[in-house]
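Undergrad: give the three-dimensional model of this entry:
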Amino acid sequence: GANPNNYVCFGPGATAAGQTCPDNNLYRIIGVFGNQVKLIKKKNVGNRQWDNKGNFGNNTWSTSLINAYLNGEYLNNLTSTWSNKIASNTWQVGGMTSTNGYAVPATAYNYEVGPNKANVTFNGKIGLMYASDYGFAAQTQAWTLKLGGFDDNVTDYSNPIAEANNWLFTGIFEWTMSPYSDTSLTVFFIHSSGSVNNALAYGSWAVRPSFSLESFINLNGGNGTTIDPYRI
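TA: Residues are numbered from 1 along each chain as shown. Predicted structure coming up:
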């Protein structure tokens, strides 16, 4: 939907329930996967190149500039108190073909992280949202639309039904976790129109860190709103 109450206060300076959470510490819940809650930062951390190798970059996540930043500088800046609350997970980074990545969310999920995934993995704490995460963040009426590739405002996620009712949509170009497996040069990203598209890894688009909380983390107050986000 457009704006669910799924906010979480996370990070240095996170205050007690009932007090204002620093804007930089606001994250949102993508979903519950197994026994872990997956979060994404509310605000992006700026535009960054996925990769800068060669003339166009390379879409291998394990050697990407974004991965180096997220699991290096960004993670370290959280301090051990908070980085220890983040689970080290196996991320699916094989990506998808254009046919599957531009399909309806359920198809993208199947080929991105589901039964038909490429099964190329990376072990780490922090990544980005998947294209299918973005697809399922829209209200259910949009799930019969294709995620993208067309920008025709009728059959894909640039349709107002999906664009206006998807809390992960921010109106800017934003990277996802998924390589575009048709080539070694491009990566799926969220277009400012609302649809999913692909761009050369050398490009510089917005980055929003995403990670899963350790299963031992407990709720400690809050109601999930921006004014009173969940505390852990």
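
Undergrad: ok, the longest strand that the chain contains: who's next to it in the sheet?
TA: Ranked by residue count under DSSP state E, the longest strand found in the chain is strand 26-33. With DSSP bridges as the test, strand 26-33 is paired with strand 7-9 (antiparallel), strand 36-41 (antiparallel).

Undergrad: now it, how far from the centre of its chain.
TA: With C-alpha atoms, centre = their mean, to the nearest Å as the basis, strand 26-33 stands 10 Å off its chain's centre.

Undergrad: pull the residues that contact that strand.
TA: 6-10, 37-43, 129, 133, 136-137, 167-168, 210, 212, 224, 226, 229-230 (C-beta atoms under 8 Å, 6 or more residues apart in numbering). Any C-beta I mention is one placed from the backbone N, CA and C, and that applies to glycine too.

Undergrad: what are the buried residues along that strand?
TA: Within strand 26-33, the residues scored as buried using 16 or more other C-beta atoms under 10 Å are 26-30.

Undergrad: pipe these into TSV and attach pLDDT per row.
TA: Shown next, in TSV, are these (pLDDT from 0 to 100):
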residue	pLDDT
Leu26	96
Tyr27	97
Arg28	98
Ile29	98
Ile30	98
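
Undergrad: any idea which of those residues is closest to Val196?
TA: Ile30 (15.9 Å; C-beta to C-beta).

Undergrad: quick one: that closest one from Asn166, how far?
TA: Separation of Ile30 from Asn166 (C-beta to C-beta, to the nearest Å) stands at 12 Å.

Undergrad: mutual contacts of those two, please.
TA: Counting by C-beta under 8 Å, 6+ apart, the shared contacts of Ile30 and Asn166 are Ala137.

Undergrad: what count of nearby residues applies to Ser62?
TA: 13 (other C-beta atoms under 10 Å).

Undergrad: how far does the lowest-mean-pLDDT helix or strand in the chain sit from the chain's center?
TA: For the chain, the helix or strand with the lowest mean confidence is helix 160-163, at a mean of 90 (criterion: mean pLDDT, DSSP states H and E). Using C-alpha atoms, centre = their mean, the distance from the centre of helix 160-163 to the centre of the chain it belongs to is 18 Å.

Undergrad: pLDDT below threshold where in the chain?
TA: The chain contains residues with pLDDT under 70 at 15-18, 151-152.

Undergrad: let's see 90
TA: Applying pLDDT under 90 to the chain flags residues 1, 11-20, 54-55, 79, 119, 149-155, 161, 163, 220-221.

Undergrad: pretty sure Asn166 sits against Phe136.
TA: No: the pair Asn166 / Phe136 is not scored as a contact, 9.3 Å apart, by C-beta atoms under 8 Å.

Undergrad: so if I had to pick from those two, which one is more boxed in?
TA: Asn166 (22 against 18).
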